[in-house]
Every structure is written in structure tokens, then in C-alpha cells.
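K.L.:
turn this into a model:
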Amino acid sequence: MRRLLVTGGAGFIGSNFVRMVLSEHPDCLIVNLDKLTYAGNLENLTEFLSHGNHRFVHGDICDGPLVTRLLDEHRIDAIVNFAAESHVDRSITGPKIFIDTNVGGTLTLLEAARDKKISRFLQVSTDEVYGSLGSEGMFTERTPLSPNSPYSASKASADHFVQAFGHTWGLPYNITRCSNNYGPYQFPEKLIPLMINNAIHDKELPVYGDGLNVRDWLYVYDHCTAIWCVLQNARPGEVYNVGGCNEKPNLEVIRLILQHVGKPETLIRHVKDRPGHDRRYAIDAGKIMRDLGWKPSVTFEEGIARTIDWYLANGQWLSHVVSGDYQNYYRTMYANR
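P.N.:
Predicted coordinates:
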């Protein structure tokens, strides 16, 4: 039986990974460590909280004694690190927590993994560490890291620490760098759930700048299968880009959402662009496809329809996560732009 410590397993990608593994791999135990900050939500895992192979622990990855105890108590053989502050906008208004969690927390996990001789440390990273592209070209695993936001700088720093622990102490590691994820259980500060939530409530859709910033979109389930594939089959020390092969300008995505929910494009409101907004990301996922046989299974058209339908069918979940502090955050980010 594989015995995983999954950090950030109540967040968007982490909870989808936990759900996928517990549903499809019955020979795996998951110890799920999550601090339950604003984007961590146990409602993401309601039907799995009592699952026999799932142990939820409310705690902080910066808590070294706790991490060490969990590794010992559950005889963990691999760590999958999803835990992170992950929203660029928040990193611009308050970067320190990104250093504390994304760098300091990763360092705490690495030290525990080294000391307990964990067989694999899988760092879940982002294509944003590569910086921004022009109108042509794609990020490969050999692209130099050139982060442009406090968020991506913190993730790039964490990636360097992972590689340093591999080089210095022989820690077996892998790093995955994904493109923009979307799908169920995503907190509505990110583009797709934000636009879905606003559209179904007939609120204006705030679009940064001209709306032509391009992202590659990866359905979250496909990302989770890629991580599992790396965990099971990759050689230690390898880095893999994970992409959905779906480059889309933000405005095209927003218009698809409006079309699907039957709302007019007059809801779109262009607002002042955020500082340092990267223009284009595009990811070459050829390495993971060639080496490990992984490929995305969901087209963007299929994935966006599934995602919108999920949010429409889960209004109670959505109403819970957009209450309280989220309303204050939304006013801060968009009221005066």
C-alpha cells in the first residue's frame, strides 16, 4: 500500500487529487494535511471524510514537529506538496505570506523528508515560474525560470530548494509545472469560477485590460492523473510540464461562459490591468507524454461545460465560499478599478 502525505488536500487541486486517488486507487492511504485557510474547504471532501483510507489533519506545513510526527505515525513513503498561497492578485497586495508558506513551508517539508528518508517528494508547481511569452514559442522544462510576480517568485524559490535537496542530500524528488487549472471546487477568485459566479447572478464580469492575455487551460482531473503518473512512474530528479493543449485568450473563455449560461456580453466590464500582468503562457507537455505516456483526456469544450454545469448544480457550495471575507476581498480588488 502506498502511504502518501498530501499537503493542501482540502484546496482546489489537492482535494480533486484526494478524490481521484481514493476513488481509483484503493491500495493507497492518504494523510491529508491542510491549514484550512480561505481556499481550503472540507466541503470539497464531504463524502470522503469518513473514507477508510483518508486521514484528515488540520495543521500547518510550517509546523516541523507536526510534519515529522505524521511521517512517523503513518509510515509515509511519499509527500505530494500542493499546499500554497496561489493567487497572483493576493501576492501583489500582501507578498509575505507567500514567502512564509510557499518557501518556508516547503523547506520544512523537505527537511522532514530528508531526515525520515522519504522515498519521493513531489513538488506541485506552476508554469508561471517561467515568466511571460511573446506571441510565439512554448515553455519547456529547459526554459530558464524568470518569475514576474511575488507568487511565481515564491514558487520558483521553492522549486530551487527542492532541487537543492536532491543535489545536496540525495532526496528523491520530482517537480510538476502545470498550466492554468479549472474544474469543480475552485475558489471563485480565479478567472473561470469568478466569471461563472458573477454571470449566474447577473453581476458585471471584471476583465483585466483588453482581456487578450492568453493561458493554456488544463482540466483539473487531467492534472491529477498526471501527478499520479509521475508519482508512480517517473525517475527521481525529473521535472515535467503538464498542460492541456488549450491556449485561449481570457476574453474567449469569458464569452464561452456567457454563452453557456445564456447571459449577454454586456455584462463584461474592462477594468484597469493588474501590475505586471504576464501576457501569454503556453506549455509544451511533450516530455510527460513521451516518457510516461500521459496525455490530457478532456478537451476545453468538454471541460468548460462540465465545470459550468457543476457550479450550477452546486449553488450551496458556492454560496458558502463567497460569504464573509470573500466579499471584502472582491470589493478591494475590483471596486475602484
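K.L.:
how about residue 208, phi and psi?
P.N.:
phi -60, psi 130 (degrees, to the nearest 10).
K.L.:
low pLDDT regions in this protein?
P.N.:
324-337 (pLDDT under 70).
K.L.:
per-domain residue ranges of it.
P.N.:
2-181+217-242, 188-215+247-276+301-332 (automatic domain parsing).
K.L.:
of those, flag the one that's most buried.
P.N.:
Stretch with highest mean neighbour count among the domains of the chain: domain 2-181+217-242 (a mean of 20; mean count of other C-beta atoms under 10 Å). (Glycine included, C-beta is placed from N, CA and C.)
K.L.:
end to end, how far does it reach?
P.N.:
Using C-alpha to C-alpha, to the nearest Å, the end-to-end distance of domain 2-181+217-242 comes out at 23 Å.
K.L.:
could you check how far that domain is from the centre of its chain?
P.N.:
Centre-to-centre, domain 2-181+217-242 and its host chain are 8 Å apart (C-alpha atoms, centre = their mean, to the nearest Å).
K.L.:
name the nearest residue to residue 207, sequence neighbours excluded.
P.N.:
residue 270 (5.2 Å; C-beta to C-beta, 6 or more residues apart in numbering).
K.L.:
which parts of the stretch 51-200 of the chain are strands?
P.N.:
Along the stretch 51-200 of the chain, counting by DSSP state E, counting those that start in this stretch, strands occupy 54-58, 78-81, 120-126, 173-178, 180-182.
K.L.:
name every strand pairing with the third one and say which way it goes.
P.N.:
In this case it means strand 120-126. Partners of strand 120-126 in the sheet, by DSSP bridges, are strand 78-81 (parallel), strand 173-178 (parallel).
K.L.:
show residues contacting the first one.
P.N.:
Right, strand 78-81. Residues outside strand 78-81 that contact it (C-beta atoms under 8 Å, 6 or more residues apart in numbering): 2-8, 17, 61, 106, 109, 113, 118-124, 227, 231.
K.L.:
tell me the contacts of residue 16?
P.N.:
44, 183-185, 220-221, 223-224.
K.L.:
tell me how far it lies from residue 124.
P.N.:
Noted for residue 16: a distance of 12 Å to residue 124, by C-beta to C-beta, to the nearest Å.
K.L.:
need the overlap of contacts for these two.
P.N.:
Counting by C-beta under 8 Å, 6+ apart, residue 16 and residue 124 have no common neighbour.
K.L.:
just to revisit the earlier point, so which of the strands paired with strand 120-126 comes closest to residue 39?
P.N.:
Closest approach to residue 39 among the strands paired with strand 120-126 is made by strand 78-81 (15.6 Å; C-beta to C-beta).
K.L.:
got the CA positions of that closest one in CSV?
P.N.:
The C-alpha trace of strand 78-81 is given here as CSV (Å, rounded to 0.1, in the frame of the first residue of the first chain):
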residue,chain,number,x,y,z
ALA,A,78,5.9,9.9,-0.3
ILE,A,79,4.9,13.5,0.0
VAL,A,80,2.8,15.4,-2.6
ASN,A,81,3.0,19.1,-1.8
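K.L.:
which ones among the contacts of residue 16 map onto helices?
P.N.:
220-221, 223-224 (DSSP state H).
K.L.:
of all those residues, which comes closest to residue 317?
P.N.:
Of these, the one sitting nearest to residue 317 (C-beta to C-beta) turns out to be residue 220, at 15.2 Å.
K.L.:
how much space between that closest one and residue 77?
P.N.:
Separation of residue 220 from residue 77 (C-beta to C-beta): 25 Å.
K.L.:
circling back: who touches the residue nearest to residue 207 in this structure?
P.N.:
207-211.
K.L.:
centre of the chain to the helix or strand hosting it, how far?
P.N.:
In this assignment (DSSP states H and E), residue 270 forms part of strand 268-271. Here the centre of strand 268-271 is set off from its chain's centre by 26 Å, with C-alpha atoms, centre = their mean.
K.L.:
what strands line up against that strand, and which way round?
P.N.:
Partners of strand 268-271 in the sheet, by DSSP bridges, are strand 205-208 (parallel).
K.L.:
contact partners of the partner strand?
P.N.:
195, 198-199, 250-251, 254, 258, 267-274, 277, 334, 337.
K.L.:
let's see it at 7 Å
P.N.:
Residues from elsewhere that reach strand 205-208 (C-beta atoms under 7 Å, 6 or more residues apart in numbering): 195, 198-199, 250-251, 254, 267-271, 273-274, 277, 334, 337.
K.L.:
what is the nearest of those to residue 87?
P.N.:
Relative to residue 87, the closest of the contacts of strand 205-208 is residue 274; by C-beta to C-beta it sits at 10.9 Å.
K.L.:
does the closest one touch residue 90 like I think?
P.N.:
No: in this structure, residue 274 is not within contact of residue 90 by C-beta atoms under 7 Å, at 11.0 Å.
K.L.:
so residue 212 sits in a helix?
P.N.:
No: counting by DSSP: H, G, I helix; E, B strand; the rest coil, one finds residue 212 to be coil, located in no helix.
K.L.:
do you know how far it is from residue 279?
P.N.:
8 Å.
K.L.:
in TSV, list the domains of the chain along with distance to residue 292.
P.N.:
Shown next, in TSV, are those (distance: least, C-beta to C-beta, whole Å):
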stretch	distance to residue 292
domain 2-181+217-242	5
domain 188-215+247-276+301-332	21
